[in-house]
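> The following comprises the amino acid sequence and a computationally predicted model.
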Amino acid sequence: MYYSFSKAMIVGALLWGSCGTYSALAQTADKALIVAQQQLLRQEYAAASATYQQALKQQSGAAHDYYFAAQAAAKNHEAKAALELLGQAVSKGFFREQELQGTAAFASLTTQRDWTKILAAARQKQRKHEAGFNQPLVRLLEKMHYQDQHYRVVAEEADRQYGVNSRAAQEAMAQQGALDPLLIRQADSLLTRNGYPGKAQVGEYQKGVVFFIIQHTPDEKYLPLLTAAADRGDISWSALALLVDRLKTEKGEKQVYGSQSHFWPDGRKQLYPIEDEPNVNLRRAKVGMVPLELYLQQHGITYQVPTAAHNPNPPELYVSPQAREEYKSPVELIGSYEELCTRLTYPAQARKNKVTGDVVLQMVIDPQGVPQKVLVVKGLGSGCDEEAQRVMRTARFTNSSGEDHEIRMSLPFSYDKATAGSGK
């Protein structure tokens, strides 16, 4: 809810895999992993767990495949399978002990006997891995990572214990808000003096720390350093691609990868214009992103990649320059609208009544970026209104006005998406 490191990872890790020259069996497994990733994003935990486990029996996966398979299994109350999958993820990849402890999906595993063994294995692996690197720099980045995440994790835990927007959560985020500018300056100083601290200097565990700090307030001046870091494998190109698109759209330029959309208060969903649009999927595939039409479909946007001769999409699909000039809100959502929508749980009553549509909410964003007075302007009933309010109260915003600012936002509920793959 407060964009801890593990939350950022799921955005970067759920990527389109490349089949390359694999055998037919491997290609089948790769396709199944893509299906499992999509099921997990839709919170179809039983289906995702089954698909992941079947695919990983056919073909060994990457560390993040096992990590997210473990999340799906844990959410589906398969503790034994989840622990086995998580153990394989730790063996194959680089996961901090604190990251595992802070992942909400694994909360049900903490009482299991093998949980402490997995934490110990993660701790020992990190200690051994980092022994040969620049120790002062490793320790500094470890401290910066802790400061960047600690109060966000505290706030998430407070939300789970006391409900969203609890006093404890607000106090934690106030402390985090005081730390963030200091961390940005510290990261900037590191980049200026030493360049990007990547895996050659600090190893796999610390290589993403500076990136995840500076992406809170992206600045184009960092782009050459970050591009070189992505080329070296210090950060993922898919994560950098989102940053590239964000920087371009903020300047009013066409985006490169099609990752930036605008969701208007009245429920309209538009895509920011894309340069060389017929080749957008070639660029996305190159950096490990899903085809744009599939990505947008997950968020309720119907899209076709145009050809050089014809664009089948209606003009109103795209954000116009005039609309950008007319609508300059001092309030912006932290993180993506898409990630916010993944927090929605489709209500049982809505499933029974086959409800589809958008809930439109009105709220006041206070100077700290916290939604207050979240009201339903246009509802769907069947439990959707209450669920939309619950999720919106977990959102956080930037508010450059320094005062209360009223906005409207819509959240989508889809019966088809909720029942996809369930057989119902």
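All right, it came through fine. Numbers count the residues shown, from 1 in each chain.

> Most remote residue from the middle of the chain, which is it?
Here the chain reaches farthest from its C-alpha mean at Ala309, the gap being 34.9 Å by Cα atoms, centre = their mean.

> quick one: that one from Val256, how far?
22 Å (Cβ to Cβ, to the nearest Å). Every residue, glycine included, has its C-beta placed from N, CA and C.

> Next, give phi and psi for the residue farthest from the centre of the chain.
Main-chain torsions, Ala309, degrees, to the nearest 10: phi -100, psi -20.

> And for Asp358?
Asp358 has phi and psi values of phi -110, psi 140 when expressed as degrees, to the nearest 10.

> so it sits right up against Ser410, yeah?
Yes. Asp358 lies in contact with Ser410 (Cβ atoms under 8 Å); the separation is 4.2 Å.

> who does Phe413 bridge with?
In this entry, Phe413 is beta-bridged to Gly357, by DSSP bridges.

> residue boundaries of the helices in the stretch 51-200 of the chain?
With DSSP state H, counting those that start in this stretch, the ranges of helices along the stretch 51-200 of the chain come out as 63-75, 79-92, 97-102, 113-130, 135-162, 167-194, 199-202.

> possible to save the ones you listed as TSV with distance to Val290, mean pLDDT and mean neighbour count?
Shown next, in TSV, are the helices of the stretch 51-200 of the chain (distance: least, Cβ to Cβ, whole Å; pLDDT from 0 to 100; neighbours: other Cβ atoms under 10 Å):
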stretch	distance to Val290	mean pLDDT	mean neighbour count
helix 63-75	15	96	25
helix 79-92	22	98	20
helix 97-102	24	91	20
helix 113-130	29	97	15
helix 135-162	27	89	18
helix 167-194	30	86	15
helix 199-202	26	95	18
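
> Select, out of those helices, the one closest to Glu332.
helix 167-194 (15.2 Å; Cβ to Cβ).

> where in the stretch 301-424 of the chain is pLDDT low?
Applying pLDDT under 70 to the stretch 301-424 of the chain flags residues 322-328, 421-424.

> where do the strands sit along it?
Counting by DSSP state E, counting those that start in this stretch, the stretch 301-424 of the chain has strands at residues 331-333, 357-365, 371-378, 397-399, 405-413.

> picking that back up, dump the helices of the stretch 51-200 of the chain to CSV, plus distance to Ala36.
Shown next, in CSV, are the helices of the stretch 51-200 of the chain (distance: least, Cβ to Cβ, whole Å):
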stretch, distance to Ala36
helix 63-75, 7
helix 79-92, 12
helix 97-102, 20
helix 113-130, 21
helix 135-162, 25
helix 167-194, 32
helix 199-202, 28
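
> so which of those helices gets nearest Lys417?
When these are compared by Cβ to Cβ, helix 63-75 sits nearest Lys417, at 16.9 Å.
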